[in-house]
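Engineer: next come a sequence and a model predicted from it.
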Protein chains: 2
Amino acid sequence: MALGKNYEAQDCSLAKALELVGERWTLLVIRDAMYGVRRYGDFLAHLDIPRAVLSQRLGALVEAGLLDKRRYQDNPPREEYVLTEVGRELWLPVLALAQWGERHLTSTGARRLFFHATCGTRLDQAAHCSACGVRVDLEETEVRPGPGLETSRVDPVSVALRGPHRMLEPLP
Amino acid sequence: MALGKNYEAQDCSLAKALELVGERWTLLVIRDAMYGVRRYGDFLAHLDIPRAVLSQRLGALVEAGLLDKRRYQDNPPREEYVLTEVGRELWLPVLALAQWGERHLTSTGARRLFFHATCGTRLDQAAHCSACGVRVDLEETEVRPGPGLETSRVDPVSVALRGPHRMLEPLP
DNA sequence: CTAGCATGGTTCAATGAATGAACTAAACTG
DNA sequence: CAGTTTAGTTCATTCATTGAACCATGCTAG
């Protein structure tokens, strides 16, 4: 896309959000960043995304303020991409959409389960913890593999996610 | 898109959902259906979408079981598109994404506000009614224009949405 | 010192999807 | 019978995505 070209006529906040986050691949990049993926090469291997597209998307997300690009070592100089607060707030829509997919598009059982890290209760589609009675944000969430998860992928990120993992913790 | 081509390797329910709902325009079609838009011509005028794309998207959504295409009169024969239960369940992700856009991408104040129809309380980003303590589905929701709404659009759907409106009630 | 490698990109030709304008078709309406 | 309403399809142009190849930097092993 890169357009608003047509979307911008919509005067609708959903359309505005989709201009940014509705492009092909973008939401999957954000999902990976939520898991804790930070490096170009890890996004590349885990997503199977063309390099040119990944570069464009990372750049757009940085410019929009959803990702922060920062140097994590100097020799050799290396940059990593981490979610900003604005990006982390996409957690609710991302989770809700993933759970919808789980409910309606999956025959094999859930691939990943999300838990309130501090109490171990499973989250519902609105990231609500029924035990604590609160909405749980990304920082407090733990992913665990579910019964429907395949084990065919061998990239480091997929392998790391075969065990439980606190969201946002660096991966792999 | 039309692909899973690459997404399908992801073994991720978010990717599955995006195969269906992540194509350009698709989520805006669903948003309109949630408002109560049902006829081809109304989608067309409200979205400013190319006819070929609208036809393709409506067809894909019907085939995926998110929309139901049904005859609403016989002479002349006319069809309308209405959300199925599966489609209506996208309410939470759609609302959450729209509210995120409202919070971070809008300078002028909210364009539309969503209320629990039975008690009049404003919904939060997780469709939660703080007065009743429940998550409110689409059927129980009312939209009202917010202070940031522009009044430049003159298509019938936009005009109808300048007043309060129960979601899913036929529009215009 | 130099060959190779790891990382993070850019470039480019080919493919495929979106766009917008024009056209079709069925059934009513005046 | 001419025109209108509704719901599409067709098609040439434009634009984005893809995948492969290439580039650059700075380390590391021999």
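Structural biologist: Structure's in. What do you need?
Engineer: how much space between the residue in chain A that DNA strand D sits nearest to and chain B?
Structural biologist: Nearest to DNA strand D, among the residues of chain A, is A:N75, at 2.9 Å (Cβ to the nearest atom of the strand). In this view, the C-beta of every residue, glycine as well, is placed from N, C-alpha and C. To chain B, A:N75 is 35 Å away according to Cβ to the nearest Cβ, to the nearest Å.
Engineer: any idea how many residues pack against that residue?
Structural biologist: 5 (other Cβ atoms under 10 Å in any protein chain shown).
Engineer: now do the one 5 residues further on
Structural biologist: Burial of A:E80 is recorded as 17 neighbouring residues (other Cβ under 10 Å).
Engineer: so who does it touch?
Structural biologist: A:E80 is in contact with A:R38, A:R39, A:K69, A:R70, A:R71, A:Y72, counting by Cβ atoms under 8 Å, 6 or more residues apart in numbering or on different chains.
Engineer: measure it to A:P170 for me?
Structural biologist: A:E80 sits at a distance of 8 Å from A:P170 (criterion: Cβ to Cβ, to the nearest Å).
Engineer: show me the common contact partners of those two, please.
Structural biologist: With Cβ under 8 Å, 6+ apart as the test, A:E80 and A:P170 both reach A:R38.
Engineer: where's A:R144, which helix or strand?
Structural biologist: Assessed by DSSP states H and E, A:R144 sits inside strand A:141-145.
Engineer: same thing with A:L58?
Structural biologist: Secondary structure (DSSP H and E) places A:L58 in helix A:51-64.
Engineer: in that helix, what's buried?
Structural biologist: A:L54, A:R57, A:L58, A:A60, A:L61, A:V62, A:A64 (16 or more other Cβ atoms under 10 Å in any protein chain shown).
Engineer: again with stretch A:82-99
Structural biologist: A:82-83, A:86-99.
Engineer: restricted to strands, list those.
Structural biologist: Per DSSP state E, strands hold the following members of the buried residues of stretch A:82-99: A:V82, A:L83.
Engineer: please enumerate the helices of chain A.
Structural biologist: For chain A, the helices defined by DSSP state H occupy A:13-21, A:26-35, A:40-47, A:51-64, A:85-88, A:91-105, A:156-160.
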